[in-house]
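**Q** this one's structure only:
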């Protein structure tokens, strides 16, 4: 399987560099023709959320819609898709920062009972505890 870096996914979603966006589009079409799956590692998903929010000012709902749309593409496979699914499902039920929420779900999947943090906003979520 071939993995995708954050910049590839971001180019595809925001099309801020049309030449690179077209390259990604054509690569995706090739994967479709070849019945190939492309992997989005969990850390790429996390970085993608952070970049779309901080660098592009994308709204929470637009970020979540983008993730949902990517998950519907047959050529794409998220690493730990069950974590992404739980993250996406819980995002509508709370106001915690999306990156922090994904971190919490990934840590829970890894067997962590809690997460220590200095982030007061994250600590509002029951999984995090202020250090």
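**A** Looks like it arrived, so ask away. Remember, predicted model here, so these are calculated numbers, not experimental data. Residues are numbered from 1 along each chain as shown.
**Q** scan this protein for its longest helix.
**A** helix 18-33 (DSSP state H).
**Q** tell me the helix or strand right after that one.
**A** Using DSSP states H and E, the helix or strand that follows helix 18-33 towards the C-terminus is strand 38-40.
**Q** check the offset of that following strand from the chain's centre.
**A** Taking Cα atoms, centre = their mean, to the nearest Å, one finds the center of strand 38-40 at 11 Å from the center of the full chain.
**Q** in the next helix-or-strand element following that strand, what counts as buried?
**A** Next in sequence after strand 38-40, counting helices and strands by DSSP H and E, comes helix 42-54. Neighbour-count burial for helix 42-54 flags 42, 44, 45, 46, 47, 48, 49, 50, 51, 52, 53 (criterion: 16 or more other Cβ atoms under 10 Å). C-beta: built from backbone N, CA, C; applies to glycine.
**Q** can you name every helix or strand that helix 42-54 contacts?
**A** Secondary-structure packing of helix 42-54 (3 or more Cβ pairs under 8 Å, 6 or more residues apart in numbering; DSSP states H and E): helix 6-14, helix 60-72, helix 81-91, helix 98-109.
**Q** and the angle for the last one with helix 42-54?
**A** What that stands for is helix 98-109. 160 degrees (axes from the mean of the first three to the mean of the last three Cα atoms, to 10 degrees).
**Q** could you give the angle of helix 98-109 to helix 81-91?
**A** 130 degrees.
**Q** quick one: helix 98-109 to chain centroid distance?
**A** How far helix 98-109 lies from its chain's middle: 11 Å, per Cα atoms, centre = their mean.
**Q** cheers, nothing more for now.
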